[in-house]
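Trainee: Following is a predicted model, sequence given first.
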Amino acid sequence: MSSTRTPIGTFGTISFRTGANGIVRARTRYRDEDGALRQVQASGRSRKAAEQRLKVLLTERSRPAVAGELTPDTPFADLAELWLDDLDLEGRIAVKTRDLYEWNMRKLVLPAFGQLRLKEVTVSRVDRFLKTCAKTSYSRAKQAKNVLSLALGLAVRYDAIPRNPVSGAARLRKPVSEILALTVPQIQAIRSAVSRWRTAEGLPGPRPDGQLGIIIEVMLGTSARIGEVLAIRRCDVDVTVVPATVKITGTIVCPKGRPAFRQDHPKTAKSRRTVAVPSYTAAGIRQRLAAVPADGDTLLFCSRNGTPLIPNNIRRRLRTILEAAGIHGVTPHAFRRTVATVLDRASGLELAA
């Protein structure tokens, strides 16, 4: 009957031998990561001293020999850094998404798990963490769960843990919320508030250039996301046909620490589309065509220096204007929802999608 084989990363029985000079030598066999058994030994003036020195050597031997290798004893914070590096190495996700993942990891997950080792990130700890997050915000809990699962998935692939503890946590329950679809009177009130913004005499600074109002009309006419609208170029519109058309072919992204730029595809590469727009949207587009250079790659909406507008700045400005007018809870996404709701009621869900 064959004897039980020593598991990788462990050692067998420690033996001792005392030399003529009284020095004790402790030795054992350690099974390395490549599966081979190798003898490890250490000396001391007593059995206890020799054994302690031997165990120090064994501990150092069990540490990862390759940079980036993971074990159950690896700190979760080290996994987080390795996971972020792995995202960069793959290069498959958009820059904006990569920055969001890093923010969620550093701000939401690491404060809770940064001091733990991988073997200590248990299902129960993950479950309690997600439930605590969900009490504050379902959205944040969902984002935290996503990056936590992705990072621990890397640990599973590196054989550091046997399974992903996130998969065993309770499912997050999305709270019931009413989808905001603006009514015609609400849209008219928003248009009025935007058109009146900073038009009074004697106000410091430059007057509004009217872009925000046209951006709203284009969002209403295309159901495009704010970043997609800000990425529309002169060559993407055709107002010589009836109805006028707009091609959605890109979006504005704002990488951390770098200037905003136009990405050559929308949120996903399959989101490119051509949209027929109503007359009020076409009228706004004609105004912008008359205001920007004739170059086909010129952005329809841009700063005075010709640089892309920042989506978050547009959201902030819209919120400021509407709250000053007593209109609350309206975001650029509300216009997208409004179009989808109107189309759904008129022609069905398939057309709305």
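Mentor: Received it, and whenever you're ready, just let me know what you need. Numbers count the residues shown, from 1 in each chain.
Trainee: Show me what stretch 50-61 is in contact with.
Mentor: 11, 14, 16, 24-28, 30, 32, 40-44 (Cβ atoms under 8 Å, 6 or more residues apart in numbering). C-beta: built from backbone N, CA, C; applies to glycine.
Trainee: Put the buried members of those into a ChimeraX selection.
Mentor: Buried subset of these, written as a ChimeraX selection, criterion 16 or more other Cβ atoms under 10 Å:
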select :11,14,24,25,26,27,28,30,40,42,44
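Trainee: Quickly check the contacts of stretch 50-61 for the two that are furthest apart.
Mentor: Maximum pairwise distance among these (Cβ to Cβ): 24.8 Å, between 24 and 32.
Trainee: what's the lowest-pLDDT member of the contacts of stretch 50-61?
Mentor: Lowest pLDDT within the contacts of stretch 50-61 is found at residue 32 (78).
Trainee: can I assume it is in contact with residue 8?
Mentor: Yes: Residue 32 is in contact with residue 8 according to Cβ atoms under 8 Å; the separation is 7.3 Å.
Trainee: Restrict whatever helix or strand residue 212 lives in to CA atoms and write it as CSV.
Mentor: Secondary structure from DSSP states H and E places residue 212 in helix 211-222. This file holds the C-alpha atoms of helix 211-222, laid out as CSV (Å, rounded to 0.1, in the frame of the first residue of the first chain):
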residue,chain,number,x,y,z
GLN,A,211,-25.7,74.6,-27.1
LEU,A,212,-27.3,73.1,-24.1
GLY,A,213,-30.8,73.7,-25.5
ILE,A,214,-29.9,72.1,-28.8
ILE,A,215,-28.2,69.2,-27.0
ILE,A,216,-31.6,68.5,-25.2
GLU,A,217,-33.4,68.6,-28.6
VAL,A,218,-30.9,66.1,-30.1
MET,A,219,-31.3,63.8,-27.0
LEU,A,220,-35.1,64.0,-27.4
GLY,A,221,-34.9,63.4,-31.1
THR,A,222,-32.4,60.5,-31.1
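Trainee: Any chance you could list what contacts it?
Mentor: Helix 211-222 is contacted from outside by 187, 190-191, 194-195, 197, 224, 226, 228-230, 232, 246, 248, 275, 277-278, 280-285, 287-288, 301, 309, 314, 317-318, 321, 332, 335-336, 338-339, using Cβ under 8 Å, 6+ apart.
Trainee: for the chain, what spans make up the helices?
Mentor: 47-62, 76-90, 95-104, 110-113, 123-136, 138-157, 184-196, 211-222, 226-230, 279-291, 311-324, 332-347, 349-352 (DSSP state H).
Trainee: Going by mean pLDDT, which of the ones you listed comes out lowest?
Mentor: helix 349-352 (a mean of 46).
Trainee: dump the residue contacts of the closest residue to residue 243 other than its chain neighbours.
Mentor: Leaving aside its sequence neighbours, residue 243 sits nearest to residue 276 (Cβ to Cβ, 6 or more residues apart in numbering; 4.4 Å). Residues near residue 276 by Cβ under 8 Å, 6+ apart: 243-245.
Trainee: and these as a markdown table, adding neighbour count, distance to residue 149 and pLDDT?
Mentor: As requested, the contacts of residue 276 are exported to a markdown table (neighbours: other Cβ atoms under 10 Å; distance: Cβ to Cβ, whole Å; pLDDT from 0 to 100):
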| residue | neighbour count | distance to residue 149 | pLDDT |
| --- | --- | --- | --- |
| 243 | 14 | 44 | 93 |
| 244 | 20 | 44 | 94 |
| 245 | 17 | 41 | 96 |
